[in-house]
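Engineer: could you look at this predicted model? Sequence included:
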Amino acid sequence: MKLTRTVIRLAPIGVFGLIGRAVSTMGFEVFTAVGKYMLTIGTGLSIHLLIVLPVIFFLITKRNPLDHYRAMASAMAFAFSSSSSSATLPLTMESVEKNAGVSNKVSSFVLPMGATINMDGTALYECAGVLFIAQALGVGLDFGQQVMVVITALLASIGAAGVPSAGLVMIFIVLQAVNITTPAAYALVGVMLAVDRPLDMYRTMVNITSDSIGAAVIAHSEGEKLTYPMAMEG
């Protein structure tokens with residue numbers, strides 16, 4: 001525990017040093033680039049959360065996606081505040097079972113697995129993060145390398161722990177896959193760490209929402225009836 005506390009206390013100093021290195025290398029324009037990076041990831045996560053997932057849910061279940069989002073509101077809020085899919089798992093299971101009518105046999109199988117391997121928000125984040133670093137360093141990625149980024153990010157997100165900022169740690173694997181291993185690249189990861197908290201909160205919410213929709217879709221395919229009592233009360 002002493003070692004952990006020491007690392008936590010020294011982390012801000014290390015991040016400050018990495019930001020200082022990035023600024024000395026690239027100038028203050030790095031902050032403009034980071035702003036665009038945050039906007040890009042936020043837009044991508046919003047498209048996935050508000051368009052892709054609802055369309056999948058509606059096409060398969062023929063139910064109103066807003067009913068499902070209303071049922072998952074408490075779990076989504078907890079995921080946003082905790083930045084941990086694993087910590088949110090009990091509340092996600094409770095919301096899916098009580099507010100969506102999914103059986104325990106489906107939720108207890110799908111949701112724990114989803115909290116471990118179904119991290120689509122994290123995969124999107126890692127892809128965008130590697131592309132940001134490559135563009136900031138002036139490194140061109142051909143089509144084959146971009147495909148490699150997508151595949152590696154997918155595999156890395158499957159192995160990521162359901163704890164805060166786990167996706168940022170796994171981004172080093174994706175960088176190595178496309179041979180971007182310079183000190184400047186690692187300095188940019190430090191800059192990304194400085195702004196990672198709000199992005200981590202958002203992508204965790206996307207992850208657990210995707211898990212819950214997966215559970216609802218599988219329950220529907222198994223012949224279960226999604227009830228959504230909260231929608232009926234409304």
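Structural biologist: Arrived safely, thanks for sending.

Engineer: which element is residue 214 on?
Structural biologist: Taking DSSP states H and E as the definition, residue 214 sits inside helix 196-221.

Engineer: which helices and strands sit right next to that helix?
Structural biologist: For helix 196-221, the elements it packs on are helix 29-47, helix 53-61, helix 65-71, helix 73-82, helix 85-100, helix 104-117, helix 120-136, helix 166-177, judged by 3 or more C-beta pairs under 8 Å, 6 or more residues apart in numbering; DSSP states H and E. (Glycine included, C-beta is placed from N, CA and C.)

Engineer: can you pull out the low-pLDDT segments for this protein?
Structural biologist: 1-5, 7-28, 30, 159-166, 230-234 (pLDDT under 70).

Engineer: output stretch 219-228 as PDB, restricted to C-alpha atoms.
Structural biologist: Taking C-alpha atoms only, stretch 219-228 is exported to PDB below (Å, rounded to 0.1, in the frame of the first residue of the first chain):
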ATOM      1  CA  ALA A 219     -32.900 -11.900 -23.800                       C
ATOM      2  CA  HIS A 220     -35.200 -11.000 -26.700                       C
ATOM      3  CA  SER A 221     -33.600 -13.600 -29.000                       C
ATOM      4  CA  GLU A 222     -34.200 -16.200 -26.200                       C
ATOM      5  CA  GLY A 223     -37.900 -15.500 -26.300                       C
ATOM      6  CA  GLU A 224     -38.000 -13.300 -23.200                       C
ATOM      7  CA  LYS A 225     -40.400 -10.300 -23.100                       C
ATOM      8  CA  LEU A 226     -38.800  -7.000 -22.300                       C
ATOM      9  CA  THR A 227     -41.200  -5.300 -19.900                       C
ATOM     10  CA  TYR A 228     -39.800  -1.800 -19.000                       C
END
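
Engineer: before I go, just wanted to say thanks for your time.
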